[in-house]
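**Q** Kindly return the folded structure for what I paste below:
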Amino acid sequence: MAGQGCGGGFGGVVTKRTKTKTTRKKFGIPPRNKVSSIRIDRENGLVFVITNDIIQNVLRRDGPRVRRSFDALTRSDVSECSALLGEVMHILMKHLPKFEDYGYKATVSRLLNTAANTYLASIETARHGFRRQYGVLARTFIELIATVIVIATRPDALEKFHEGNLPSPKCIGWAKNVLEPIGIYYGLLSDQFAHVGPVHAILESPKPYDVDDRALRFIVGTMRANIWMLYLVAELAYHDDISDLRYWRLHEDGVLYDPSDEERAWMSAFLRDP
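**A** The predicted model follows:
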């Protein structure tokens, strides 16, 4: 009676197929129909099995585990950043629905909305464990807010933008006259993330985060800094729409950066050294 003696373990008959499946699961060997290729490294005594479901594994097997680690470690940071993003969207909403309007405020509103979406995409990218790719999106985000700064401060910039003659990388140089750290930050993101160099030859793959993860510290610090800059630039762009400005003070024909002592204290608590 083949089924006797094994009911407590498997609840049924142990066949050759069952044993094979159990062995595969024990040693992490994929079924034959999922194997794309096998590479044997005799020198190091290693066997590499390449499967044909890599994307599915990243999305459904590995991804959720990485995301859970990110969520657990950044819950309070995400909550605080989300609250500030809500304030940004409140500022934009007045002009955002003007889809056919190519004037200053409607254009800037759409640009800042794109920046907000890019910001969210960068967090989602980091959340899936793609640490270096996060920096690429953060760099695009900086180009977007730099473009808004230039349109808000240079009289001819809006017209050049709609003509396609306002290069976003060039806007960094102009924008740093208003927001000085943006130049250094953009250079860092370019050198370490966007421009291909030796750091891109480091072997990396998505993996769960832990409390000592240096990349996570950078992500959290810049995630906070980026949403703060988005709010800062939204206030600059719409300073005449806002009655209680937090960072800018009306001065002659423009504005001056002049946060109160209370606001500076809030900034000190909110921003983190990445």
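**Q** Please export the C-alpha coordinates of the helix or strand containing residue 125 as PDB.
**A** For residue 125, the enclosing helix or strand under DSSP states H and E is helix 104-127. Extracted C-alpha coordinates of helix 104-127, given in PDB (Å, rounded to 0.1, in the frame of the first residue of the first chain):
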ATOM      1  CA  TYR A 104       2.700  81.800 -16.600                       C
ATOM      2  CA  LYS A 105       0.700  80.400 -13.700                       C
ATOM      3  CA  ALA A 106      -1.000  77.600 -15.700                       C
ATOM      4  CA  THR A 107       2.300  76.500 -17.300                       C
ATOM      5  CA  VAL A 108       4.100  76.600 -14.000                       C
ATOM      6  CA  SER A 109       1.300  74.700 -12.300                       C
ATOM      7  CA  ARG A 110       1.600  71.800 -14.900                       C
ATOM      8  CA  LEU A 111       5.400  71.800 -14.500                       C
ATOM      9  CA  LEU A 112       5.200  71.500 -10.800                       C
ATOM     10  CA  ASN A 113       2.600  68.800 -11.100                       C
ATOM     11  CA  THR A 114       5.000  66.900 -13.300                       C
ATOM     12  CA  ALA A 115       7.700  67.500 -10.700                       C
ATOM     13  CA  ALA A 116       5.300  66.100  -8.000                       C
ATOM     14  CA  ASN A 117       4.700  63.000 -10.100                       C
ATOM     15  CA  THR A 118       8.400  62.600 -10.700                       C
ATOM     16  CA  TYR A 119       9.000  62.900  -7.000                       C
ATOM     17  CA  LEU A 120       6.400  60.100  -6.300                       C
ATOM     18  CA  ALA A 121       8.000  57.900  -9.000                       C
ATOM     19  CA  SER A 122      11.400  58.300  -7.400                       C
ATOM     20  CA  ILE A 123      10.000  57.100  -4.100                       C
ATOM     21  CA  GLU A 124       8.300  54.200  -5.700                       C
ATOM     22  CA  THR A 125      11.500  53.300  -7.500                       C
ATOM     23  CA  ALA A 126      13.400  53.400  -4.200                       C
ATOM     24  CA  ARG A 127      10.600  51.400  -2.500                       C
END
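**Q** From residue 72, how far out is the residue positioned nearest the centre of the chain?
**A** Nearest to the mean C-alpha position of the chain, by CA atoms, centre = their mean, lies residue 122 at 1.5 Å. Distance, residue 122 to residue 72, using CB to CB, to the nearest Å: 19 Å. Bear in mind the C-beta positions are built from the backbone N, C-alpha and C, glycine included.
**Q** likewise residue 145?
**A** Distance of residue 145 to residue 72, computed by CB to CB: 30 Å.
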